[in-house]
Every structure is written in C-alpha cells, then in structure tokens.
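1. when you get a sec, could you give me coordinates for this:
(chains A and B)
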Amino acid sequence: MKFAVIVFPGSNCDIDMLKAVEDTVGQPVDYVWHTATDLSAYDAILVPGGFSYGDYLRCGAIAQFAPVMSEIRKAAEQGKFVLGVCNGFQILTEAGLLPGALIRNKSLKFRCHPVDLRVENTKTAFTNGYEHGDLIRIPIAHGEGNFYCDDETLAKLQANEQIVFRYAGDNPNGSVDDIAGICNEEGNVVGMMPHPERAVSELLGSADGAGMFKSVLNAWRERNGAASVR
Amino acid sequence: MKATVYVTIKENVLDPQGNAVQGSLHTMGFDEVGKVRIGKYMELDLDTNDRAHAEERIKAMCEKLLANTVIEDYRFELEG
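-> Okay, the predicted model is just below:
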C-alpha cells in the first residue's frame, strides 16, 4: 500500500505524518508537493496540518485551489482513502470534500494539549480498528478548530453516521455537537482537528493514534484481498 | 473599475472575536455598545469598464474564494 503526504507551502506536520506511517505500518510513503498533477500511484492521501499559504484569507482557502487538489478530489471520488488532519481538515472542508467549516475557537485561544476523543464511527477506512465508544487520547494544536455547520447539515451528519470523533471531556473549541472529526457519506474521506500522527508511541504520551494508520492498511488489504494484520 | 467587497460572518454563526471586542469596549466604559460583529473589507482594482461583466466576475470570485458561504455572507460595490 502506498501513502502520499501532501506538502503545501506552510505545511508543518508533514514530517510527523510521514514518520507516523513508517513507524506504525511500515508501508511506502512519499512527500508529494502541492503542484503534483498525478496521484494515481497512491492508495491513501494524507493532508497534514500546518498553516498552508499562511492561513491567508481563511485557513485552507488558498490551498483548495492548488493543482494537487483536483487530483485529491478525483482520488476521493474513486474511493481512495483521504485523511485531512487539522489544517488538512480545514482544506478538505474549504474544497467541499467534507461539509461544514472550521471557525475561530470559542475561547479565541490557540489550544495545544492532549484531549480525550470518543470514537463514534468505526466503519470508516481510518477507524475500523477501534471499538465503538473507545476513548482515545490524541493531542490538538489549533486556533481555528471550531467545527460549524447549519442544523440541516448537522442532522444529515448524525443520520448518516458521519460523525467520526467527538470530544469526550471538555470541548476545547466550541464545536457543534462536540464534533472533533467527520467523514464523507462513503466513509473514505475523513477530516479531524486532533493529530493522530503525534500519538503513535508511548514515548510521545500516547500511542492511541496508531490505530488510524493500521485501520487504513486493513481497509486497503480488505479491499485488495490480502490478509489483514492487527 | 474598483470593487469593494465586504465579507461578514453569518448572523447565526458565532463570532468570538466580535464578542471579545464587545467585552473590551464595555470594560472601557462604552456601555452603549450592543452586539459587535467583525468582518473583512477588500479592495480590488479591475481591468474592465464593463459593469455587468465586472459584477458577474466579482460574484464568482466571492462564491469561489473571497467568502466561505457556509459561514459568511458577502456584498460588494462597484465604482468607476
């Protein structure tokens, strides 16, 4: 299975993301520059955190028009696995690949600390290795992670089981329905504010994020008929 | 031709920045201040004299990039 980590000017979690893939599942993984026009070689596309294009205008607003985005859109339509973390989540919502928007934290503060998440949906490609209701500890680091959508969209997210993670304790940013992460209707595109790539070893304080990388490898193996690994 | 674009946060979307500024103004004694909402003001120079065309183009710019219509409203004025 081949992973791509997309790098925009201003991405700063790309190295962590690449190392997380190497350390958790040991599969081939490349950095792919935002100007790339062909992602056909990749099975999973990871859009990392950071401050793409300096967060100018809105977080992710400029990045959504980078050349690589039409390829990501194509990959998502083909059913390939796409994960956006933090700024990557903001980019996927701006690009319309996921519903809603991320606005300024209610506290106006940049929050950078571990949070407890409840796994709400284990049917997605990135969460099939967890149990429903699992509590996992993953760090957040954002100033604009307050997920907002209108009531109609929220009802749809709930009805389609598109809410993947909720904040289990204190909601750190004021998001609607304590949402920390969502997926598209098909479950192959996931976006989340917390950083699973920063929680892949007990040395980092938690290894709870490793399950996301193992999950997507399992999803890929299941799809391709290879033996699944835990 | 000059376009002025105003982007504002939708009425039902929380504006934490506006709330903080409101609180600060109250602390300073400006008790008459009710709600504060913070938005964006943009000036664009357009290389065209065709008003109808400019209007159409600015609208497309707003819809595609300048505003995120999930959380923001926009309006614009054309001059010259």
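2. number of nearby residues for residue A:37?
-> 8 (other Cβ atoms under 10 Å in any protein chain shown). For glycine as for every other residue, the C-beta is placed from the backbone atoms N, C-alpha and C.
3. around residue 51, how many other residues sit close by?
-> You didn't say which chain, so I picked chain A. Neighbour tally, residue A:51, other Cβ under 10 Å: 19.
4. should've been chain B
-> There are 11 residues near residue B:51, going by other Cβ under 10 Å.
5. that one: what's it in contact with?
-> Contact partners of residue B:51, counting by Cβ atoms under 8 Å, 6 or more residues apart in numbering or on different chains, are B:1, B:78.
6. where do the strands sit along the chain?
-> Picking chain A for this. Under the criterion DSSP state E, chain A carries strands at the ranges A:3-7, A:29-33, A:44-47, A:81-85, A:101-103, A:111-119, A:135-142, A:146-148, A:163-167, A:179-183, A:189-192.
7. chain B was what I was after
-> Counting by DSSP E, the strands of chain B are B:2-9, B:40-45, B:72-79.
8. buried sites along stretch A:132-152?
-> Across stretch A:132-152, burial judged by 16 or more other Cβ atoms under 10 Å in any protein chain shown covers A:134, A:136-150.
9. which two among those are spaced furthest apart?
-> In those, two members sit farther apart than any others by Cβ to Cβ. They are A:137 and A:150, at 31.0 Å.
10. just to revisit the earlier point, between the strands of chain A, which one is closest to residue A:209.
-> Nearest of these (Cβ to Cβ): strand A:135-142, 5.3 Å.
11. looking only at pLDDT, what's the mean for that closest one?
-> Averaging pLDDT along strand A:135-142 gives 98.
12. what of stretch A:184-192?
-> 97.
13. got the buried residues for it?
-> A:184, A:187, A:188, A:189, A:190, A:191, A:192.
14. same list as before, the strands of chain B that is, but in TSV and with distance to residue A:168 and mean pLDDT included.
-> As requested, the strands of chain B are exported to TSV (distance: least, Cβ to Cβ, whole Å; pLDDT from 0 to 100):
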stretch	distance to residue A:168	mean pLDDT
strand B:2-9	29	97
strand B:40-45	35	98
strand B:72-79	31	97
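15. packed most tightly, which of those would that be?
-> Most buried of the strands of chain B, by mean neighbour count (mean count of other Cβ atoms under 10 Å in any protein chain shown): strand B:2-9, with a mean of 18.
16. extract the CA atoms of it and return them as PDB.
-> C-alpha atoms of strand B:2-9 as PDB (Å, rounded to 0.1, in the frame of the first residue of the first chain):
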ATOM      1  CA  LYS B   2     -12.800  49.500  -8.400                       C
ATOM      2  CA  ALA B   3     -14.700  46.800  -6.400                       C
ATOM      3  CA  THR B   4     -15.200  46.900  -2.700                       C
ATOM      4  CA  VAL B   5     -16.100  43.600  -1.100                       C
ATOM      5  CA  TYR B   6     -17.500  43.200   2.400                       C
ATOM      6  CA  VAL B   7     -17.400  39.800   3.900                       C
ATOM      7  CA  THR B   8     -19.400  39.300   7.200                       C
ATOM      8  CA  ILE B   9     -20.000  36.300   9.400                       C
END
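17. circling back to that earlier point, and the buried residues of stretch A:184-192, which two are the farthest apart?
-> Pairwise over these, using Cβ to Cβ, the maximum falls at A:188 and A:192, 14.4 Å.
18. out of the buried residues of stretch A:184-192, who's nearest chain B?
-> residue A:191 (13.8 Å; Cβ to the nearest Cβ).
19. the nearest residue to the closest one once chain neighbours are set aside - how many residues pack around it?
-> Nearest residue to residue A:191 in three dimensions, chain neighbours excluded: residue A:89, at 3.6 Å (Cβ to Cβ, 6 or more residues apart in numbering or on different chains). Neighbourhood size, residue A:89 [other Cβ under 10 Å]: 29.
20. residue A:73: which of the strands of chain B is closest?
-> strand B:72-79 (22.4 Å).
21. for chain A, longest helix please?
-> Longest helix in chain A by number of residues (criterion: DSSP state H): helix A:210-223.
22. residues making contact with that one?
-> So helix A:210-223 is contacted by A:1, A:20-21, A:23-25, A:27, A:43-44, A:81, A:83, A:124-130, A:136, A:196, A:199-201, A:227-230 (Cβ under 8 Å, 6+ apart).
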